[in-house]
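Colleague: attaching a predicted model along with its sequence, questions to come.
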Amino acid sequence: MRTDSSPGTLPAREHLPAGDAGTPVLDVVIPVYNEEKDLQPCVLRLHDHLKRTFPYAFRITIADNASTDTTPQVSRRLEAEIPEVKAFRLEQKGRGRALRTVWSASDAPILAYMDVDLSTDLNALLPLVAPLISGHSDLAIGSRLSRSSRVVRGTKREFISRTYNLILRGSLQARFSDAQCGFKAIRRDVAQVLLPLIEDTGWFFDTEMLVLAERAGLRIHEVPVDWVDDPNSTVHIVKTATDDLKGVWRVGRALATGSLSLDRLTRPFGDDPRDREIKDVPKGLARQVVGFCVVGGLSTLFYLLLYSGFRVFTGSQIANALALLVSAIANTAANRRLTFGVRGRGGAVRHQAQGLVVFGIGLALTSGSLAALNAASSDPGHSTELAVLIAANLAATVLRFLLFRAWVFPDRRDADATVGAPYTPVHTPSSSTYSTVGAGSMAQPGHHGPLPQRPVTRSAPHHPFDTTQFRAGEAADGSWRDATMQLQPVRPHDTDSRDLR
């Protein structure tokens, strides 16, 4: 996984101010590979829709993934005839590579993409980007699995889509409903920090972006969409599904080992009423209590199973010590990650050592309880021993939580506030993977200018990609596939006389 972007947190989300400027507000990217038949009707239909319905300046960028047919010529012709259309060509395949390259270089504050078949109803485009413009959300996705969505597609694709999302929920704990819908948008300040962390260059790019954003605590807005499947699509489903499962394994392993620095994606608190401080209430106490109780309940069951197993071979005191030692190590590791949110391997040994001290206190309480029971009865029953141990463990649990919170895992925010000067986030992207356009055409993330209104007339605008060199991805994705899909015109003017083919 990439970890080479500069550290630092994102700025607070703000509503982009309305005004007049030359930079487009929205940049819609259409990644294509050998789409000579569908490209022109798609661009004309999208351009007409944006002209009629979108209240601000926009750009449509055609990202050609090394097409071998006449797609490059169609792209250049559309660029020459329509001021809002730009064409960009990559010499390597991969939808993720195309999106990362164009998004990294774009100067628009809101970045979006959609598939060339336009299966999604375009009336969902403005609801998709509106929460990003207002500052409410960081990313937005179209969902075909929402209850209010209207979807027309075959049983096979329906089964594959729902199965894939169930896999994401079970393995990566994803809460978004539809990872594969080709209809998404992201704020540019978020993209500048998030994109260097994404490794995939193909179809899994969307899923990896959403999982990392969700794990970092970013807000993902979902829009129910109306979607009609293209019956002529020849996408290699088995190959795509295999690559997606490999991506799920890779991302899950990276998240489990803590090799991703997701803290750089966090938003500062304060713009939500729930983030306001309440006097005499420690930060995060309620969440930590719930997490500690869940981990403690599972640890108690684990401990009792271990004790019952060890008791078959040894006495009660030794069985108690062994069971408590093993369960204490597991309990410390679980609380470290789940209750107190400590990621990575840094300080893990020290935390376990401190946890063993807490274990010693619990051992003294439970061993003392067993000693008192044996003194009161020469041959106590097994059920009586378990009842006494449960009561002793409840007392030890309260003390364990207080020690964990105050000593083993103290609040890092409070500790950071008392050491050094105040932290000022740096918003300048410094990924060595991509070079960007000139400084004059790239605004700093988080400091966008006013939203431009769409001008009545335009001169030929500066091409944002004319002098830029990109290296999108670390290896060529030669296995990426796509195919030409037949698009039935929705309106009579979708077929244009300028198409000389």
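Modeller: Thanks, I have the structure now. Here the structure is a predicted model, which is why all the values come from computation and not from measurement.

Colleague: going forward, measure contacts and count neighbours with C-alpha atoms only.
Modeller: OK.

Colleague: just after the helix ranked longest in the chain, pick out the following helix or strand.
Modeller: The residue-count maximum for a helix in the chain (DSSP state H) belongs to helix 348-376. As assigned by DSSP states H and E, the chain's next helix or strand after helix 348-376 is helix 382-403.

Colleague: how far off centre is that next one?
Modeller: 40 Å (CA atoms, centre = their mean, to the nearest Å).

Colleague: equivalent analysis for stretch 95-108, please.
Modeller: 17 Å.

Colleague: with stretch 172-183 instead?
Modeller: Relative to its parent chain, stretch 172-183 has a centroid offset of 9 Å by CA atoms, centre = their mean.

Colleague: measure that stretch end to end?
Modeller: 22 Å (CA to CA, to the nearest Å).

Colleague: for stretch 106-120, same thing?
Modeller: 24 Å.

Colleague: mean confidence for it?
Modeller: For stretch 106-120, mean pLDDT is 90.

Colleague: then stretch 343-358?
Modeller: 84.

Colleague: and the gap between the closest residue to Asp121 other than its chain neighbours and Ser106?
Modeller: Excluding the flanking residues, the one nearest Asp121 by CA to CA, 6 or more residues apart in numbering is Asp226, at 5.5 Å. From Asp226 over to Ser106 the distance is 28 Å, taken as CA to CA.

Colleague: which of these two has more neighbours?
Modeller: Ranked by neighbour count (other CA atoms under 10 Å), Asp226 and Ser106 place Ser106 first, with 23 against 19.

Colleague: picking that back up, same for the longest helix of the chain, what does it pack against?
Modeller: Packing partners of helix 348-376 (3 or more CA pairs under 8 Å, 6 or more residues apart in numbering; DSSP states H and E): helix 316-334, helix 382-403.

Colleague: please repeat the previous calculation with a cut-off of 6 Å.
Modeller: Contact analysis of helix 348-376 by 3 or more CA pairs under 6 Å, 6 or more residues apart in numbering; DSSP states H and E lists no helix or strand as a packing neighbour.

Colleague: gap between it and the chain center?
Modeller: That offset, for helix 348-376, works out to 41 Å (CA atoms, centre = their mean).

Colleague: again, but for stretch 109-117
Modeller: 17 Å.

Colleague: flag the helix or strand of the protein with the lowest per-element mean pLDDT.
Modeller: Least confident helix or strand of the chain, by mean pLDDT, DSSP states H and E, is helix 412-417 with a mean of 48.

Colleague: wait, a helix at Val248?
Modeller: Yes: assessed by DSSP: H, G, I helix; E, B strand; the rest coil, Val248 belongs to a helix.

Colleague: and the angle for the longest helix of the chain with helix 316-334?
Modeller: 150 degrees (axes from the mean of the first three to the mean of the last three CA atoms, to 10 degrees).

Colleague: pull out the buried residues from helix 348-376.
Modeller: For helix 348-376, the buried set under the neighbour-count rule, 16 or more other CA atoms under 10 Å, comprises 351-352, 354-356, 358-360, 362-363, 365-367, 369-370, 373.

Colleague: kindly report the same for stretch 202-217.
Modeller: Under 16+ other CA under 10 Å, the buried positions of stretch 202-217 are 202-216.

Colleague: relative to Thr240, which of the residues you listed is nearest.
Modeller: Nearest to Thr240, judged by CA to CA, of those is Trp203 at 7.0 Å.

Colleague: so that closest one sits in a helix?
Modeller: No: assigned with three-state DSSP, Trp203 falls outside any helix and is coil.

Colleague: just the C-alpha atoms of the helix or strand where Asp189 lies, please, in PDB.
Modeller: Here Asp189, judged by DSSP H and E, is contained in helix 188-194. The C-alpha trace of helix 188-194 is given here as PDB (Å, rounded to 0.1, in the frame of the first residue of the first chain):
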ATOM      1  CA  ARG A 188     -10.500  17.700  -4.500                       C
ATOM      2  CA  ASP A 189      -8.900  18.400  -1.100                       C
ATOM      3  CA  VAL A 190      -9.800  14.900   0.000                       C
ATOM      4  CA  ALA A 191      -8.600  13.400  -3.300                       C
ATOM      5  CA  GLN A 192      -5.200  15.100  -2.900                       C
ATOM      6  CA  VAL A 193      -4.600  13.100   0.300                       C
ATOM      7  CA  LEU A 194      -6.500  10.000  -0.400                       C
END
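
Colleague: residue ranges for the helices of the stretch 101-250 of the chain, please.
Modeller: With DSSP state H, counting those that start in this stretch as the criterion, the stretch 101-250 of the chain has helices at 125-134, 155-172, 188-194, 205-215, 237-257.

Colleague: and the third one, average pLDDT?
Modeller: Right, the one you point to is helix 188-194. Rounded mean pLDDT across helix 188-194 is 90.

Colleague: if I pick the nearest residue to Phe205 once chain neighbours are set aside, what's in contact with it?
Modeller: Once flanking residues are discounted, Phe205 sits nearest to Gly96: 5.0 Å by CA to CA, 6+ apart. For Gly96, the contacting residues are 201-202, 205, by CA atoms under 6 Å, 6 or more residues apart in numbering.

Colleague: ok, so of the residues you listed, who is nearest Phe54?
Modeller: Of the contacts of Gly96, the one sitting nearest to Phe54 (CA to CA) turns out to be Phe205, at 27.3 Å.

Colleague: what about that closest one, distance to Ala174?
Modeller: From Phe205 over to Ala174 the distance is 15 Å, taken as CA to CA.

Colleague: kindly report the same for Ile318.
Modeller: Per CA to CA, Ile318 is found 42 Å from Ala174.

Colleague: comparing those two, which residue is more hemmed in?
Modeller: Applying other CA under 10 Å to Ile318 and Ala174 shows that Ala174 carries more neighbours, namely 20 against 15.

Colleague: just the pLDDT at that one, thanks.
Modeller: 81.

Colleague: same deal with Arg89?
Modeller: In this model, Arg89 is scored at 92, pLDDT.
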